[in-house]
Structures are given as C-alpha cells and as structure tokens.
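Student: here is my input; please provide its structure:
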Amino acid sequence: MKIRLFCLGLLFLLSNIANSQELPGNPLSVALGDPYIIYDDKQDTYYLYGTGGTKNGFVVYSSKDLKDWENEGVIYTNLQEKSWGTKDFWAPEVYKWNDKFYLFYSAHWKENPNNELENYKIGVAVSDKPTGPFIDIDDKPLFDPGYPIIDANVYVSEDGKKYLYYSRCCYKHPVESEIAAWAKKKGLYDEIEESWVYGVELKPDLSGVIGESKLLLRPPVEINDKQAEWESRSVNNAEINRRWTEGSYLFKHNNLYYMMYSANHYAGPYYAVGYATSKNPLGPFKKSATNPVLEKNNDKGGDVTGTGHNSIFVGKDGKMYCVYHGRTTKTGNDRVVFIDPIEIDSQGVLKVHGPTTNN
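Tutor: Residues are numbered from 1 along each chain as shown. Got it, this is the predicted structure:
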C-alpha cells in the first residue's frame, strides 16, 4: 500500500510538472513595443505581435514554450492595394474568429486635408494564418470619430457582440484640471494635453461601429485624487506636457470586467499600468485603489523602467500571464518584451508579479 501511495504521489507530481508552464527568461530577446500574444491550439504555438521589426508594417514571432522565439518575418505591409496608412504602424492585436485571423492596428491616415501631425486611425486586416499575409478588408480606416485614435483592443461578449476599445490621442486635446493649473503655476507648461479611453460596439462584419463612442477612462481632474500622482508622473517630473490613458485591454473574470491601461509617456521611465473594473463592458469603470499594478523597479533595487502597454493571455497551463514592454540598462532605449504571471485574489484584486528579470 505504501508503495502504491508513493507511486500515485510521484505520478501526480510529475503530471503537475509536465502541465505547468515554465516561465521565460525576462526580458525576452525580442525588441518590440506594445506586445500581444495569442495561442493557436491547432498549431500548438504561441504567436507574438508588436510595434516595430519592419518599416510600415508588422512582424510576428512564434514559440512552443514562451522561451525560445523565432522571427517568422513580415505579416503585414502597407505595400498593398487597399492600404490606407502611410507611417507609424502601431499596436497590432490579432484575433481568431471562424478560422480567420483579424489584425487590428493603428496608423497615420493618408487622407489628411488639414495636414495634421497626428492623423491616426484604426484599421483591420484579415488572413487565413496567424503568420499572414494580412490584407486590409477596406481601403479606409474602420471609422473616423473626428479626432486621432490609437491602440485598438476588442472584446467579444457571451452574446457574440464585439466591442472596440481605443485611446483618443493627446494631440490638440488640452484639458483643464487641477494638475494642469499646478503645472502652469510652477512654470512647467501652459497647458496639459490628455488621451482618454473610449469604447464602442463593432458592426458584426467589421465594416464600422454601431452608435456613438462612450468615454470610459481619463486622467484624474483633482490633484488629491488617489490616482493623480502615478498618472501624472510625466508632468510632475517635467518630462512632457501630456497625460496618457492608453493601451487598454479588457477581459472578464467572475462576472466582473477588468480594463487594464497605461499612463505616462511611453518613451520614458514612468510608463506604468493600472486597472479599473465594471459590471458592464461599456462601463462605468472604477479605478483600483491598488494602482499602479506594474511600474519601474530601478528605485527598488531592480533594473526595469518604462513598463507598459500590456495585454493578457492564457497559457497552455491554464494560467493567466501579462505580456508588456519595458527597458533595462542593458537594452537602453529599445523596448523589449517581458512576461510575468497575473493573479486575481478572492477579493477580486488584480496583481501582476513583476517586473522580473532573470536574463
């Protein structure tokens, strides 16, 4: 009996080891920003997308184990008949629906009669494979809300409805707030521009949107707001006259909608991640008192700064992981990819166990 129990225990231990996901070494040897990972069960493969890697387009990396990544080459380029974008191809996210793969991305729209410096819109391209090639479904952006937008994220609800989340750019969007008044009084900036996160329902055929966009998240107005300090660090440290709410990512857990988002300058050390929750995919959302849940650690003995624009994926082990970009002393100004575990406790509090470095 003792031998049998020992064998059962050993089998259980070996099973757990076999089914567990061994975490990669951070940072990955992949120089991309705004990373997004999907797992395709048919190929038993992870695919990693992000900003960078090629001019006016996107590349993809593949991996079987989240540790060793292979560059599969260019999956999208604007050198195609229907392309509407001219530059600044950012923040790709890929979704698999009905055995087709859909690429949502941001770019600078060629239709620019007022010669705007930031004429960003969101487009959709489709492919039969996660490695492309992806072809634009239309020769124009998904829609035009009347201001520049970036950072598309899509959530599909239980009833099949698709919701698009995006960030209005800071460009030409000065906002009055106590933080802006403080910065002006200090002689830092005459005005502070802001980016805000919106949500809107998508048409089933992805030809546009349904109804008007709804404002979901924005930087705090009052200086004593609990979120004001961490969301205003780029302004407080005289880095730039902008406050961002961008890189949103929505998922559902235990009947609660979690929206993760990034604040501060993407190119600076203070880029960080927080989250908000709601009972409805279009809000209202309440920011967590535990924000930020991911931030630089170089002031705490670590070597990571600029942590942000994250997304979430479920590994082959069934666990949730947070993928994001950051920088280290070794990588310099290059944005590189990190993967760390994410946890939601019994009280619904979200925690990212990072940033970590072991490379």
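Student: run through the bridge partners of residue 60.
Tutor: Beta-bridge pairing of residue 60 under DSSP bridges involves residue 49.
Student: now residue 201: closest residue in space, sequence neighbours ignored.
Tutor: Nearest residue to residue 201 in three dimensions, chain neighbours excluded: residue 210, at 4.3 Å (C-beta to C-beta, 6 or more residues apart in numbering). Quick note: C-beta positions are derived from backbone N, CA and C, even for glycine.
Student: then that neighbour would be within a strand, right?
Tutor: Yes: counting by DSSP: H, G, I helix; E, B strand; the rest coil, residue 210 falls inside a strand.
Student: list the residues that contact it.
Tutor: By C-beta atoms under 8 Å, 6 or more residues apart in numbering, the contact list for residue 210 reads 200-203.
Student: how about residue 53?
Tutor: Counting by C-beta under 8 Å, 6+ apart, the residues that residue 53 touches are 31-32, 59, 71, 74.
Student: what subset of those is buried?
Tutor: Neighbour-count burial (16 or more other C-beta atoms under 10 Å) applied to those gives 32, 59, 74.
Student: the second one reaches residue 74, doesn't it?
Tutor: Yes: counting by C-beta atoms under 8 Å, a contact exists between residue 59 and residue 74, whose distance comes to 5.5 Å.
Student: and the closest residue to residue 296 other than its chain neighbours, what helix or strand is that in?
Tutor: Excluding its sequence neighbours, the residue lying closest to residue 296 (C-beta to C-beta, 6+ apart) is residue 305, at 4.1 Å. Assigned by DSSP states H and E, residue 305 falls within strand 304-314.
Student: in that strand, which residues are buried?
Tutor: Buried-residue list, strand 304-314, by 16+ other C-beta under 10 Å: 304-313.
Student: widest-spaced pair of these?
Tutor: Largest separation among these by C-beta to C-beta: 305 and 313, giving 23.6 Å.
Student: might you list the low-confidence residue ranges for the stretch 1-150 of the chain?
Tutor: 1-24 (pLDDT under 70).
Student: show me the strands in it, by range?
Tutor: Using DSSP state E, counting those that start in this stretch, the strands of the stretch 1-150 of the chain run over 33-40, 45-51, 57-63, 70-77, 90-97, 100-108, 120-127, 135-136, 149-156.
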